[in-house]
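Participant: got a sequence here, can you build the structure:
(2 chains)
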There are 2 protein chains.
Amino acid sequence: MTLNPADEKLARLIRADLGEDIMRPVTERYLEEPRGRFTGHAGLLALPRTVDEVAALVRLALDKRVPVVPYGGGTGLVGGQVMPDGPAPLLISLERMTAIRAVYPTENILIAEAGAILADVQTAAEEANRLFPLALAAQGSCRIGGNLATNAGGVNVLRYGNARDLCLGLEAVLPSGEIWNGLSRLRKDNTGYDLRNLLIGAEGTLGIITAASLKLSPRPEAVGTAMVQVASPQAAIDLLSLAHDQLGEAVSTFELIHKQGLQFLTEVLPDVRQPFETQPEWCVLIELGLFAGHSPADALETLYIEADKAGLVGEAVIAQSEAQRMDLWAVRERIPEANRLIGSVSSHDISVPISRIPEFIQRGAEVVAALGLFRINCFGHVGDGNLHYNVFPPLGHSRSEFDDERQAVKHAVHDLVEAFGGSVSAEHGVGRLKVDDLERYGGATKLSAMRAIKAALDPQGIMNPGAVLRAD
Amino acid sequence: MTLNPADEKLARLIRADLGEDIMRPVTERYLEEPRGRFTGHAGLLALPRTVDEVAALVRLALDKRVPVVPYGGGTGLVGGQVMPDGPAPLLISLERMTAIRAVYPTENILIAEAGAILADVQTAAEEANRLFPLALAAQGSCRIGGNLATNAGGVNVLRYGNARDLCLGLEAVLPSGEIWNGLSRLRKDNTGYDLRNLLIGAEGTLGIITAASLKLSPRPEAVGTAMVQVASPQAAIDLLSLAHDQLGEAVSTFELIHKQGLQFLTEVLPDVRQPFETQPEWCVLIELGLFAGHSPADALETLYIEADKAGLVGEAVIAQSEAQRMDLWAVRERIPEANRLIGSVSSHDISVPISRIPEFIQRGAEVVAALGLFRINCFGHVGDGNLHYNVFPPLGHSRSEFDDERQAVKHAVHDLVEAFGGSVSAEHGVGRLKVDDLERYGGATKLSAMRAIKAALDPQGIMNPGAVLRAD
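Facilitator: Here you go, the predicted structure:
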């Protein structure tokens, strides 16, 4: 399929159909992404206000065979939102479609437009005394449509699931320009194929999500947060099992942190309060959300006593105030910022079966050491089997010295992930960064099924070409 | 696409490839379904033992353009497992693939072959001190592959989700005869389109599920069960909200029961112990699953006191023993059996937004009353918005007297569901029973996307033709 650039001719058609105000000049921020690996280009930028306007834009683009790139908050880490080559696309930014259309507290449902900022969705839920549990570092700027398009994860997946698990229905514009109104308020609906989950995680390649029906949860009555030293990654996993046995779903967060992360904070973000006097090799951030008058302090103490008996834990800090809780959270939440300041040679968002994590961490260190003197900061959502496994230059060196090693490091880590039955994209998606990886590890059957689905729903290949699947 | 019947020529090819023992004579039970609405036919019946054998069968069928009907436990209520017309299909029964391949207690994962009986999966989880929460009336005979193919619901959806939410990965044979090994033990994997959820709920029309990686949960430490009279459906919903506020995820089951259901039990199953001396207009079965030493009796009492203050509840029976608990459950679980003995004019597995249930029940009674003197037994998973809304002849009459009214009743109920933004197939699926309904209510955009996906993955149309989508 030959596509055409979004040009002044298309702009005139769009203006004639949707008015002058729909267009904006393409500015830098729409062409950048947080890690600086890709720089996009674009012929036109449109800011629709309604699903009908999105549909009209897609129909015009389809008619002229112009590529379309849907744009949310621009926080994606794999380049799904920027198209670096090919005919200059029409960017469709959802930033004007930010309404919380409705909240149904009795039904535990909230309906948001795709451009709503994640933090605003959280706030709207809170105002109805409910919880929208999706939470991640970029929540102040990412948009819910992008969260769904990438099936975002974050720190509450353990208890509440990924973005996919928090969505009951979608309104979307398909590559045909047709509007699919699947904005269901139903918890059960077995009428045909699961288009919702097909669009979720498709990263804008099968259509543009314009609104979503989201699942809310009861707000826990009391929250308890602790940072606990653990003897090893295996001890962390055993501690989580123990926590589940004692507390069931009440474990909301369980994040593994390595000494390297604490050292990075000391190095570049010394304002972050360190949880322990001596930095431990491994620690975990645990958060419980409890109901029915169940005391977090009691629950954490009971858990600690049992874990201590089993030799799993060392020192622990239990937050005694909201300020202390925020301090503990800052340790976890600011590690990605420290990572960016240090500058990684290669970053990996990987998952492996939970019980294989300890072995993976050990083998990973060996594999990376064989390639040179790197520092590894391995941290993350251990309860989901999801590690952010980032490889850094030795102290005193910068990432630019290792440009030639980047591919070798990435392949070594990803090959190991594959050997462990893991995923090379746990929560960030494929975007443009991991198209090669998907081809390398995805398997022929899955890839051919994906290509068949793409061709069936987007025969002209206009929707976010080059993301997820290689453009023809 | 013209398809050919499964004949002796195909049988010879299958035997040559897979041995004599793979085939069985087609007996009656493979051609019947529980409600007696459909009678299937079949040319051949194969009982493969491995995914490779399933793939070989599909490839042979594809080569000869013979329709394939996957067969699980045969308990489906919408005729998805029986093909009544067209060229006689090859039935592929998964009944020999019953292995629990592995249990990973630390990971809360169990891998089962598609032919495993649901109750056996539950037992295997229990033996590892875990819970596989999918639970429904047919659990002693339905098979997990069929549960996934239909995205089964049941009595624990409120807390744990549908079959879809309990599955991490699939092994399946696609209509091309290729094997997709997506048997992931990962909680997070964002590498490409969601084939898993596309196959789940596709009712065998996009491939044959041969094994699944299933999500287990911690087993609650203590269970509390009560039958509570409620003032109205609205009071039931308010009681559920209150329970969620007090107890969060601990509410496992919340089932609404109408007086008509209790009367049916008296009429045809008098051995079922009635929970109350005087049958109330409405009652709910509540079950809690608690952790951390939290007493079910205390939790139920606290809930009851608050609900009583709010005027929501009447009498309540709290189970004091496992035997009493079983008695309360029998009231709910045996209503479908009573329904079958009475014989419905028309049965509806519908869902509506939870907050609209009271209005739906009221309007439904009016709509049905306008068509004649029927009895309505409306009961089910009110916390999921899912009602089994069944219409019966008046006392002393039989369903056969109302054959001419059946379509009118069904349309009236389903039109009302549609007007309420509901679903005409909440948990049973489309099968062959509701192909018309899907066309009527599904919407053109969704249907054309579904047809495009079907054509892309099954261009010859061999997989379970006529289920979900009309055969060409």
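Participant: make it CA atoms for all contacts and neighbour counts henceforth
Facilitator: Fine.
Participant: which pLDDT value goes with the residue in the stretch 151-300 of chain A that chain B sits nearest to?
Facilitator: For the stretch 151-300 of chain A and chain B, the shortest gap (C-alpha to the nearest C-alpha) falls at A:Asp189, measuring 4.3 Å. Among the per-residue scores, A:Asp189 shows a pLDDT of 95.
Participant: look up how far A:Gly443 lies from A:Gln407.
Facilitator: 21 Å (C-alpha to C-alpha, to the nearest Å).
Participant: er, A:Tyr160 actually
Facilitator: Counting by C-alpha to C-alpha, the gap from A:Tyr160 to A:Gly443 is 29 Å.
Participant: and these two? which has more neighbours close in?
Facilitator: Between A:Tyr160 and A:Gly443, counted using other C-alpha atoms under 10 Å in any protein chain shown, A:Tyr160 has the larger neighbour count: 21 against 13.
Participant: which pLDDT does the model give the more buried one?
Facilitator: 97.
Participant: which residues sit in contact with the residue lying closest to it once chain neighbours are set aside?
Facilitator: Leaving aside its chain neighbours, A:Tyr160 sits nearest to A:Pro133 (6.6 Å; criterion: C-alpha to C-alpha, 6 or more residues apart in numbering or on different chains). If you count contacts by C-alpha atoms under 8 Å, 6 or more residues apart in numbering or on different chains, A:Pro133 has them with A:Gln122, A:Asn156, A:Tyr160, A:Leu216, A:Ser217.
Participant: show me which of the residues you listed has the smallest pLDDT value.
Facilitator: A:Asn156 (94).
Participant: thought that residue was touching A:Leu134?
Facilitator: Yes: between A:Asn156 and A:Leu134 there is a contact under C-alpha atoms under 8 Å: 6.4 Å.
Participant: which one of these two has more residues nearby?
Facilitator: The residue with more neighbours, out of A:Asn156 and A:Leu134, is A:Leu134; 25 against 22, by other C-alpha under 10 Å.
Participant: distance of the more buried one from A:Glu126?
Facilitator: According to C-alpha to C-alpha, A:Leu134 stands 13 Å off from A:Glu126.
Participant: in the stretch 351-472 of chain A, which residue sits closest to chain B?
Facilitator: For the stretch 351-472 of chain A, C-alpha to the nearest C-alpha, closest residue to chain B: A:Ala426, 4.3 Å.
Participant: so who does the residue lying closest to that residue once chain neighbours are set aside touch?
Facilitator: Nearest-residue entry for A:Ala426: B:Asp189, 4.3 Å, with adjacent residues in sequence omitted and distances by C-alpha to C-alpha, 6+ apart. Shown in contact with B:Asp189 (C-alpha under 8 Å, 6+ apart): A:Ser351, A:Ser423, A:Val424, A:Ser425, A:Ala426, A:Glu427.
Participant: reformat those residues as TSV; add secondary structure and pLDDT.
Facilitator: Conversion of the contacts of B:Asp189 to TSV gives the following (DSSP: H, G, I helix; E, B strand; the rest coil; pLDDT from 0 to 100):
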residue	secondary structure	pLDDT
A:Ser351	strand	97
A:Ser423	strand	97
A:Val424	coil	96
A:Ser425	strand	95
A:Ala426	coil	94
A:Glu427	coil	92
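Participant: nearest to B:Ala55, of these?
Facilitator: The closest of the contacts of B:Asp189 to B:Ala55 turns out to be A:Ser423 (C-alpha to C-alpha; 25.5 Å).
Participant: now for the closest one, how many residues are close by?
Facilitator: A:Ser423: 30 surrounding residues under other C-alpha under 10 Å.
Participant: my read: it touches A:Asp384, true?
Facilitator: No: look at A:Ser423 against A:Asp384 with C-alpha under 8 Å: they stay out of range, at 11.9 Å.
Participant: so what sits against both of these two?
Facilitator: In terms of C-alpha under 8 Å, 6+ apart, A:Ser423 and A:Asp384 are both contacted by the residues A:Ser351, B:Leu186, B:Lys188.
Participant: with neighbour count and distance to B:Pro358 as extra columns, can I get those residues in JSON lines?
Facilitator: Formatted as JSON lines, those follow (neighbours: other C-alpha atoms under 10 Å in any protein chain shown; distance: C-alpha to C-alpha, whole Å):
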{"residue": "A:Ser351", "neighbour count": "31", "distance to B:Pro358": "45"}
{"residue": "B:Leu186", "neighbour count": "22", "distance to B:Pro358": "41"}
{"residue": "B:Lys188", "neighbour count": "28", "distance to B:Pro358": "38"}
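Participant: can you list those in TSV and add distance to B:Leu62?
Facilitator: Shown next, in TSV, are these (distance: C-alpha to C-alpha, whole Å):
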residue	distance to B:Leu62
A:Ser351	36
B:Leu186	32
B:Lys188	34
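Participant: and those residues, which is closest to A:Glu267?
Facilitator: Each of these was scored against A:Glu267 by C-alpha to C-alpha, and A:Ser351 proved nearest at 27.7 Å.
Participant: the residue nearest to A:Ala471 when sequence neighbours are not counted in helix, strand or coil?
Facilitator: The shortest distance from A:Ala471 to any non-neighbouring residue, by C-alpha to C-alpha, 6+ apart, is to A:Pro465 (5.4 Å). Under DSSP: H, G, I helix; E, B strand; the rest coil, the three-state class of A:Pro465 is coil.
Participant: so who does A:Pro465 touch?
Facilitator: A:Pro67, A:Val68, A:Val69, A:Met83, A:Thr205, A:Ala471.
Participant: would you list every one of the helices in the stretch 251-400 of chain A?
Facilitator: A:259-268, A:296-309, A:322-333, A:335-342, A:357-369 (DSSP state H, counting those that start in this stretch).
Participant: tell me the most buried of these?
Facilitator: helix A:259-268 (a mean of 19; mean count of other C-alpha atoms under 10 Å in any protein chain shown).
Participant: center of chain A, which residue is that?
Facilitator: The structure's chain A has its C-alpha centroid closest to A:Ala152; by C-alpha atoms, centre = their mean the separation is 3.3 Å.
Participant: that residue looks like it's in a strand, true?
Facilitator: No: counting by three-state DSSP, A:Ala152 is not part of a strand but coil.
Participant: hang on, it packs against A:Ala426?
Facilitator: No: the pair A:Ala152 and A:Ala426 fails to qualify as a contact (C-alpha under 8 Å) at a distance of 9.2 Å.
Participant: which strand or helix spans A:Ala412?
Facilitator: If you go by DSSP states H and E, A:Ala412 is part of helix A:406-419.
Participant: which pLDDT value belongs to the residue nearest to the centre of chain A?
Facilitator: On the pLDDT scale, A:Ala152 is placed at 97.
Participant: ok, it - contacts?
Facilitator: Contacts of A:Ala152 (C-alpha under 8 Å, 6+ apart): A:Asn162, A:Ala163, A:Arg164, A:Glu427, A:His428.
Participant: and these as TSV, adding neighbour count, secondary structure and distance to B:Phe379?
Facilitator: Supplementary listing: those in TSV, determined by neighbours: other C-alpha atoms under 10 Å in any protein chain shown; DSSP: H, G, I helix; E, B strand; the rest coil; distance: C-alpha to C-alpha, whole Å:
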residue	neighbour count	secondary structure	distance to B:Phe379
A:Asn162	24	coil	32
A:Ala163	25	helix	31
A:Arg164	22	helix	29
A:Glu427	26	coil	40
A:His428	26	coil	42
